[in-house]
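Trainee: Need a 3D model of the sequence below.
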Amino acid sequence: MNELDSDGNPPKFYPGDRVFVEPLKLEATVIEQLMCYDYPEYFWGNVKLKYDDGATGTSHSWQLKKLS
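Mentor: Reported below is the predicted structural model:
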């Protein structure tokens, strides 16, 4: 993914990143971070995730903590 938001920033999360989903107290793997649009700006928003049990879901980026 080579896109930048309106401020010139790349996404915070990339496919394959491991994250901790704080509200659920679960770890997951990032599928992709979604580009959002709210006139007149584009910004990095929600993140599609695959949980360790195989389920998929979407979380707000601010709910995630990158794991080392």
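
Trainee: only C-alpha atoms for contact and neighbour calcs from this point on.
Mentor: Noted.

Trainee: where does the chain have low pLDDT?
Mentor: Applying pLDDT under 70 to the chain flags the ranges 1-2.

Trainee: Tell me which residues of the longest strand seen in it come out buried.
Mentor: Counting by DSSP state E, the longest strand found in the chain is strand 26-38. Using 16 or more other Cα atoms under 10 Å as the test for burial, strand 26-38 gives E27, A28, T29, V30, I31, E32, Q33, L34.

Trainee: could you list every residue that touches the last one?
Mentor: Translated: L34. W44, G45, N46, V47, K48 (Cα atoms under 8 Å, 6 or more residues apart in numbering).

Trainee: my read: the first one touches C36, true?
Mentor: In other words, W44. Yes. Contact criterion Cα atoms under 8 Å: W44 and C36 qualify, at 5.9 Å.

Trainee: circling back to that earlier point, filter the contacts of L34 down to just the ones in helices.
Mentor: Applying DSSP state H to the contacts of L34, no entry is found in helices.

Trainee: Among the residues you listed, pick out the one closest to S6, please.
Mentor: Nearest to S6 out of the contacts of L34 is W44 (Cα to Cα; 9.4 Å).

Trainee: Next, count neighbours for the closest one.
Mentor: 21 (other Cα atoms under 10 Å).

Trainee: Quick check: bridge partners of it?
Mentor: Beta bridges link W44 to M35, judged by DSSP bridges.

Trainee: so the closest residue in space to E27 that isn't next to it in sequence bridges to which residues?
Mentor: With Cα to Cα, 6 or more residues apart in numbering as the criterion, E27 has its nearest non-adjacent residue at 4.4 Å, and that residue is F20. Judged by DSSP bridges, the bridge partners of F20 are E27, K65.
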